[in-house]
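Q: Dropping a prediction and its sequence here:
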Amino acid sequence: MPKINGNEIRPGNVLEHNGGLWAAVKVDHVKPGKGGAFAQCELRNLRNGSKLNERFRSADKVEKVRLEQRDMQFLFEADGQLTFMDAETFDQVTVDAELLGERRAFLQDGMTIVVEFYENEALNATLPQKVTCRIAETEPVVKGQTAANSFKPAILDNGIKVQVPPFVGQDEDIIVNTETMEYSERA
């Protein structure tokens, strides 16, 4: 694995540190008036989810880990475990549903997502950036309501609450950004 200097750490990097695999969530580069520069990093453990704040000086060497990314198809959920299948080899992998957190509601049957592996251990899963959802409940469309930035609450078929423009009605399909969990456009 390649070693990088402490000042080369970026958000999203996966590091091997203190015998565990850590993802850099936030990185602040600090140059105090007295002393050497350092990177203040908020790290999240990929195996158990614990967090750690660590300082790395520019002279410190850390091991950067490359995760293998595979496209996998969602099959089903059982007992808090999500089962995915590799489309090429048909191998099935089971991961903890907590891995997706609140974005779990956007997972649909047959959806292809990216699962990241380290030595055949599934560590992370990423949903597509945009997902099509149906509006289950919202206020009726009001004709003539054309205020620029007015939004109304809506509940999607998966139970997530989002703000939608006033022209969007019930039982319409919309596209939702899974990263920000906000309305993107009509489907």
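A: Perfect, thanks for sending it. Residues are numbered from 1 along each chain as shown.
Q: Show me which residues of the lowest-mean-pLDDT helix or strand in the chain are buried.
A: Scoring the helices and strands of the chain by mean pLDDT, DSSP states H and E places strand 121-126 at the bottom, with a mean of 84. For strand 121-126, the neighbour count (16 or more other C-beta atoms under 10 Å) marks A122, L123, N124, A125 as buried. (Each C-beta comes from the backbone N, C-alpha and C, glycine too.)
Q: I'd like the next helix or strand past it.
A: strand 130-138 (DSSP states H and E).
Q: List the pairing partners of that next one within its sheet, with orientation.
A: Here strand 130-138 has these sheet partners by DSSP bridges: strand 152-156 (antiparallel), strand 173-177 (antiparallel).
Q: got a pLDDT number for P165?
A: P165 is assigned a pLDDT of 88 by the prediction.
Q: so it makes contact with A154?
A: No - the pair P165 and A154 does not pass the contact test of C-beta atoms under 8 Å, sitting 9.8 Å apart.
Q: between these two, which one's more packed in?
A: A154 (23 against 16; other C-beta atoms under 10 Å).
Q: quick revisit: and the least confident helix or strand of the chain, what does it pack against?
A: strand 81-86, strand 92-96, strand 112-118 (3 or more C-beta pairs under 8 Å, 6 or more residues apart in numbering; DSSP states H and E).
Q: Next, the buried residues of the last one.
A: Applying a neighbour-count criterion of 16+ other C-beta under 10 Å, the buried positions in strand 112-118 are I113, V115, E116, Y118.
Q: pLDDT below threshold where in the protein?
A: Within the chain, the stretches with pLDDT under 70 are 1, 144-148.
Q: try it again with 80
A: 1, 12, 99, 101, 141-149 (pLDDT under 80).
Q: contacting residues for the closest residue to F117 other than its chain neighbours?
A: Using C-beta to C-beta, 6 or more residues apart in numbering and skipping residues adjacent in sequence, the residue nearest F117 is E68, 4.6 Å away. Each residue near E68 by C-beta atoms under 8 Å, 6 or more residues apart in numbering is listed here: E116, F117, Y118.
Q: Tabulate those residues (a markdown table), appending distance to Y183.
A: Shown next, in a markdown table, are those (distance: C-beta to C-beta, whole Å):
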| residue | distance to Y183 |
| --- | --- |
| E116 | 28 |
| F117 | 33 |
| Y118 | 35 |
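Q: which one of those residues is nearest Q170?
A: E116 (37.5 Å; C-beta to C-beta).
Q: show me what contacts the closest one?
A: By C-beta under 8 Å, 6+ apart, the neighbours of E116 are L67, E68, Q69, R70, A122, L123, N124, A125, T126.
Q: Just put these in TSV and tack on distance to V25.
A: Below are these laid out as TSV (distance: C-beta to C-beta, whole Å):
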residue	distance to V25
L67	15
E68	21
Q69	19
R70	23
A122	19
L123	14
N124	12
A125	16
T126	15
